[in-house]
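Trainee: this one's sequence-less:
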Ligand code: SF4
């Protein structure tokens, strides 16, 4: 017998809330859960009460019934329906905790990508740090540890989120990679062998850059951070890479740019010429992403480079004028142990980067890994958490503090991704992108433009298609829509 549940409430408002909470437990306690659970919600509007009835029949046909009730808060930042949904999630979370005798994660009922936003909202409502920590625990059933952690991150982010209305960030996505990493579902393409295809993509991208330059002028916008990501931008040839940076610099006014990042994920794509090109064009931050410093894992995840390559290229970048080096690592890679993570962090510590981003492996539906889970055993939830703890502890030993955080669906151990930085080396772009407090113009396939409206809170997203050819075909249509949103909703011309 497996675990089944029935929801005697078909209203869309609650179905998703219940399902997402149960999923947390089904993933974590797959082997423990057996039996049949029935859930029914009731609402007494006049008394502001929401109640949830549970009936559980175990494998021996023993029945247990119980009921959890809460008052719907009247003074919250949430809409009434969102507050009710949250309470239902809390009820289900408590019930499932009772059934399994355990909690699946320290995040309580939270499944969203941006938990720090909630802490920041409480702080902006006038709650003190202590009150915010308490509310996160009672409203979201978060552990004291996580509630404190995200409240501290929210406080640290504050100065970076003070942005003038006409200041924007720019993201340019290069959708090519030299090989496909096992765990990645990113819609990047392998770098085409036929250079004509790369030229065609670069011509489309340049068209978009020119249209953006024109828009920046028209609305008197100021660019304060620029991020070239992907894919792997450095997978372009030396010449294409140099020309792209030159073109960006010619077209986009960069005088006010505080941070210019290039993602150079794969060390085997970085050359002396590319480092020189980045220095010449004012790059201030480079993200070199080994993911692990274990040779066996690099091979397993489909990387074509060695640990030695990472160390050599790091040292070369360190000798350049690029001030900040970030390194990404992933917790929970197939076949890795806690000791592997400790060794990876020890090697990174010797290199002494300025930022480390600790990612937890997310099993993405479209990744090759999803198909090969039997072949590549993943660490258990408990092991993944211990690995994360070790990585965090060692980031602290390097004098770094957490400065931004986000979560993903299907993430190993129900964990999170956390950016650590030495004081003064925090990535402004990363904070603003995750916290959605600035207009970000995204260019290139599968990038997103996020247009913040005049109220400084609501925004509209415009998504580019993932496919490189379709991106080019739809570009004019996209640019017309982007202009319309800018003019109508955000930066209307007087
Ligand atoms: S380098 Fe990055 S984007 Fe490219 S396949 Fe690997 S993880 Fe995905």
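Mentor: Structure's in. What do you need? As the structure is a prediction and not an experimental result, all values here were calculated from the model.
Trainee: find the residue at the geometric middle of the protein.
Mentor: residue 406 (4.7 Å; C-alpha atoms, centre = their mean).
Trainee: go ahead and confirm that residue touches residue 113.
Mentor: Yes: taking C-beta atoms under 8 Å as the definition, residue 406 is a contact partner of residue 113 at 5.4 Å. In short, each C-beta sits where N, CA and C put it, glycine included.
Trainee: near residue 245, how many other residues are there?
Mentor: 21 (other C-beta atoms under 10 Å).
Trainee: and for residue 114?
Mentor: Residue 114, neighbours per other C-beta under 10 Å, totals 16.
Trainee: then residue 156?
Mentor: Neighbours around residue 156, by other C-beta under 10 Å: 18.
Trainee: then residue 334?
Mentor: 18.
Trainee: that one is in what secondary structure piece?
Mentor: Using DSSP states H and E, residue 334 maps to neither a helix nor a strand.
Trainee: and it, what does it touch?
Mentor: 182, 183, 297, 300, 301, 369, 376, 377, 378 (C-beta atoms under 8 Å, 6 or more residues apart in numbering).
Trainee: swap the cut-off to 10 Å and go again
Mentor: 182-183, 297, 300-301, 361, 369, 372-373, 375-379 (C-beta atoms under 10 Å, 6 or more residues apart in numbering).
Trainee: and residue 160, how far from the ligand?
Mentor: 25 Å (C-beta to the nearest ligand atom, to the nearest Å).
Trainee: now do the strands in the stretch 151-300 of the chain.
Mentor: Assigned by DSSP state E, counting those that start in this stretch, the strands in the stretch 151-300 of the chain fall at 167-174, 176-177, 189-190, 222-230, 259-263, 285-291.
Trainee: which stretches of the stretch 1-150 of the chain form helices?
Mentor: 12-28, 80-100, 115-124, 129-140, 144-157 (DSSP state H, counting those that start in this stretch).
Trainee: quick check: mean pLDDT of the second one?
Mentor: For helix 80-100, the mean per-residue pLDDT is 90.
Trainee: cool, and the shortest one?
Mentor: Here helix 115-124 scores 94 as its mean pLDDT.
Trainee: quick check: buried residues in it?
Mentor: Buried positions in helix 115-124, judged by neighbour count with 16 or more other C-beta atoms under 10 Å: 115, 116, 117, 118, 119, 120, 122, 123.
Trainee: what does the stretch 201-350 of the chain put close to the ligand?
Mentor: Proximity of the stretch 201-350 of the chain to the ligand (C-beta under 6 Å from any ligand atom) is limited to residues 230, 231, 232, 265, 266.
Trainee: ok, these vs residue 216, which is closest?
Mentor: residue 230 (22.5 Å; C-beta to C-beta).
Trainee: domain assignment for this structure?
Mentor: What automatic domain parsing lists as the domains of the chain is 1-104, 106-149, 163-449.
Trainee: returning to what we had before: for the residues of the stretch 201-350 of the chain next to the ligand, which one is nearest residue 155?
Mentor: Among these, and counting by C-beta to C-beta, the member closest to residue 155 is residue 265, at 30.7 Å.
Trainee: and the residue lying closest to the closest one once chain neighbours are set aside, how many neighbours?
Mentor: Among residues not flanking residue 265 along the chain, residue 289 sits closest, at 4.2 Å (C-beta to C-beta, 6 or more residues apart in numbering). Neighbour count of residue 289, defined by other C-beta under 10 Å: 19.
Trainee: can you give me the strands in the stretch 351-494 of the chain?
Mentor: 355-360, 401-406, 417-421, 439-443, 448-452, 459-463.
Trainee: and those: which comes nearest the ligand?
Mentor: strand 355-360 (9.9 Å; C-beta to the nearest ligand atom).
Trainee: no further queries at this time; thank you.
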